[in-house]
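Novice: Coordinates only, no sequence provided:
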């Protein structure tokens with residue numbers, strides 16, 4: 001995330017086409033304003049965030065830990081993407097305002113933040129990025145402190161405070177703010193270890209986090225239903241209509257989409273991360289929808305369904321779909337505490353490899369293809385079956401392999417189970433009737449004390465249930 005302005009900038013962020021501001025105008029604008037406070041309730045996550053900070057500080061006694069929220073990223077020229085705070089920062093503070101920095105010094109927490117524009121400067125009526133009249137009213141330091149339950153200081157004090165009597169070790173969550181990265185010398189060992197620990201703290205979700213993920217899955221279900229209800233427009237405008245329809249639901253009931261929606265009609269479904277979403281939706285084809293709502297506390301769903309455009313699968317489509325479903329079910333059945341994370345993938349791939357063998361596609365027997373030194377079946381599956389899910393769609397990405405990819409599942413973890421089959425348009429090793437077909441089925445699965453629970457089960461999975469569901473919602 002690149003910084004357009006540093007937190008110390010005193011000049012308002014303006015553009016070359018802005019009209020001049022004479023002193024008389026500036027002086028007049030600083031007078032005659034009433035004062036009102038924002039009604040910010042104490043955030044539900046405030047006490048949890050405080051406990052997370054205590055846990056984190058306890059792992060690094062006597063040290064200073066610095067975790068920035070990040071700032072705006074330019075989209076084009078003078079326009080920015082909508083701001084989304086860094087996950088680790090928000091996990092430990094609940095803060096979602098830009099340019100803030102959490103500093104934990106031997107367990108004492110201070111949030112350095114950019115409060116609302118002062119009426120003593122031109123910022124509030126001239127600054128396009130932070131000015132109240134341009135970008136909206138930001139909370140004051142006191143309002144933010146009361147809401148989050150943490151001491152708040154103006155971010156302008158950050159550099160000076162960091163320069164005073166530093167503890168023996170400082171660790172920085174790097175790559176989030178270039179300004180913070182420049183302020184403090186890097187130590188790859190210390191900094192990487194902080195990123196690892198914060199990722200691993202998020203592996204196991206508490207009841208509140210699970211509730212947030214369930215809500216995200218529930219709203220995601222509504223977004224899928226919205227898309228099918230508007231099938232007349234989908235057939236007219238194609239993939240773009242589904243993308244826009246789902247985004248409307250995500251913004252109305254959540255914070256945003258958790259990632260760029262994948263709407264793959266026909267052969268576009270064989271491109272794993274097809275986010276261009278510019279193609280047609282054609283009767284007789286399948287359409288792969290990989291979409292997830294990010295809730296207002298930044299926990300995201302990640303769900304995929306593959307639908308028959310006509311509302312009914314053809315024989316070939318149904319056979320392939322049912323094979324992928326069987327592979328997914330095998331993966332879901334393997335989810336329970338104490339099971340190696342990698343076993344979910346092995347369970348799903350075993351089903352797919354034997355299915356591909358039965359179709360006469362594998363160059364070797366399935367048992368040989370499944371050998372890690374062979375993996376020829378992967379020509380038609382390509383990706384892993386699971387990843388952790390939480391505040392990031394690919395959550396806990398800095399965790400050590402021994403705690404995640406090479407580790408065991410534990411109650412409270414949430415992961416996707418998402419096998420797929422993809423037959424490229426120009427793959428001459430498969431029958432012509434299969435070329436251009438892509439199918440993925442993905443659900444968000446909670447590891448429970450005695451097994452698992454599918455958080456996205458409200459969306460049908462079997463071919464028959466998908467057809468029945470589409471029949472109820474199609475216009």
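Specialist: Yep, it's here. Owing to the predicted nature of the structure, the values given are computational and were not obtained by experimental measurement.

Novice: Walking through the stretch 201-350 of the chain, point out its strands one by one.
Specialist: 256-257, 262-265, 286-291, 293-294, 303-308 (DSSP state E, counting those that start in this stretch).

Novice: so where's this structure shaky on pLDDT?
Specialist: By pLDDT under 70, the low-scoring segments of the chain are 1-10.

Novice: Packing partners of the longest helix along it?
Specialist: Using DSSP state H, we find that the single longest helix of the chain is helix 207-229. Secondary-structure packing of helix 207-229 (3 or more CB pairs under 8 Å, 6 or more residues apart in numbering; DSSP states H and E): helix 239-253, strand 286-291, strand 293-294, strand 303-308, strand 443-448, helix 463-473. All C-beta atoms are positioned from the backbone trio N, CA, C, and that covers glycine.

Novice: Please identify the deepest-packed of those.
Specialist: Most buried of the helices and strands packed on helix 207-229, by mean neighbour count (mean count of other CB atoms under 10 Å): strand 293-294, with a mean of 28.

Novice: what's next to that strand, contact-wise?
Specialist: 216, 219-220, 223, 249-250, 253-258, 300-301 (CB atoms under 8 Å, 6 or more residues apart in numbering).

Novice: how about 6 Å then?
Specialist: 216, 219-220, 250, 254-256, 258, 300-301 (CB atoms under 6 Å, 6 or more residues apart in numbering).

Novice: What distance do you get for residue 67 to residue 80?
Specialist: 22 Å (CB to CB, to the nearest Å).

Novice: picking up where we left off before, the contacts of strand 293-294 into TSV, with extra columns for distance to residue 316?
Specialist: Below are the contacts of strand 293-294 laid out as TSV (distance: CB to CB, whole Å):
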residue	distance to residue 316
216	34
219	34
220	29
250	33
254	37
255	40
256	37
258	32
300	34
301	30
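
Novice: Just the buried residues from those residues, in ChimeraX please.
Specialist: Selection of the buried residues among those in ChimeraX, burial being defined by 16 or more other CB atoms under 10 Å:
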select :216,219,220,250,254,255,256,258,300,301
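
Novice: and of the contacts of strand 293-294, the nearest to residue 36?
Specialist: residue 255 (25.5 Å; CB to CB).

Novice: For residue 388, give me its contacts.
Specialist: Counted by CB under 6 Å, 6+ apart, residue 388 has contacts 395-396, 415.

Novice: Got phi/psi on it?
Specialist: Main-chain torsions, residue 388, degrees, to the nearest 10: phi -70, psi 150.

Novice: Can you spell out which residues form a bridge with it?
Specialist: Applying DSSP bridges to residue 388 yields these beta-bridge partners: residue 415.

Novice: try residue 446
Specialist: residue 414, residue 453.

Novice: Can you tell me how far it is from residue 205?
Specialist: 8 Å.

Novice: cool, residue 265 as well?
Specialist: From residue 265 over to residue 205 the distance is 34 Å, taken as CB to CB.

Novice: Might you report the residue contacts of the nearest residue to residue 228 once chain neighbours are set aside?
Specialist: Among residues not flanking residue 228 along the chain, residue 473 sits closest, at 4.1 Å (CB to CB, 6 or more residues apart in numbering). Neighbour list for residue 473: 225, 228-229 [criterion: CB under 6 Å, 6+ apart].

Novice: Which one of these sits in the busiest neighbourhood?
Specialist: residue 228 (21 neighbours; other CB atoms under 10 Å).

Novice: contacting residues around it?
Specialist: Residues counted as contacts of residue 228 (CB under 6 Å, 6+ apart) are 470, 473-474.

Novice: got it, and residue 45?
Specialist: Applying CB under 6 Å, 6+ apart, the residues near residue 45 are residue 94.

Novice: And residue 255, by the same measure?
Specialist: 294, 296.

Novice: follow-up on the earlier one: if you count surrounding residues, which of residue 67 and residue 80 has more?
Specialist: Neighbour count, other CB under 10 Å: between residue 67 and residue 80, residue 67 has more, with 29 against 16.

Novice: Doesn't the more buried one lie inside a helix?
Specialist: No. Counting by DSSP: H, G, I helix; E, B strand; the rest coil, residue 67 is not found in a helix; it is strand.

Novice: So in terms of bridging, what pairs with it?
Specialist: With DSSP bridges as the criterion, residue 67 is bridged to residue 102.

Novice: can you tell me which residues contact it?
Specialist: 88-89, 102, 173.

Novice: ditto for residue 98
Specialist: The contact partners of residue 98, by CB under 6 Å, 6+ apart, come to 71, 83.

Novice: Got phi/psi on it?
Specialist: phi -80, psi 160.

Novice: if I look at it, how far off is residue 176?
Specialist: Residue 98 is 11 Å from residue 176, by CB to CB.

Novice: What of residue 275?
Specialist: 23 Å.

Novice: The two - which one has more neighbours?
Specialist: When neighbours are counted by other CB under 10 Å, residue 176 comes out ahead of the other of residue 275 and residue 176, with 23 against 15.

Novice: is it true that the more buried one touches residue 71?
Specialist: No. Judged on CB atoms under 6 Å, residue 176 makes no contact with residue 71 at a distance of 9.0 Å.

Novice: domain parsing for this protein?
Specialist: 23-30+37-201, 207-473 (automatic domain parsing).

Novice: Please work out which of those domains is packed deepest.
Specialist: Of these, the one with the most neighbours on average (mean count of other CB under 10 Å) is domain 207-473, at a mean of 19.

Novice: What's the end-to-end length of that domain?
Specialist: 33 Å (CA to CA, to the nearest Å).

Novice: Ok, stretch 253-266 next?
Specialist: One end of stretch 253-266 sits 30 Å from the other (CA to CA).

Novice: swap in stretch 129-149?
Specialist: End-to-end distance (CA to CA), stretch 129-149: 26 Å.

Novice: Residue 233 and residue 244, how far apart?
Specialist: Note on residue 233: its distance to residue 244, by CB to CB, is 9 Å.

Novice: can you confirm residue 162 is in a strand?
Specialist: No. Going by three-state DSSP, the assignment for residue 162 is helix, not a strand.
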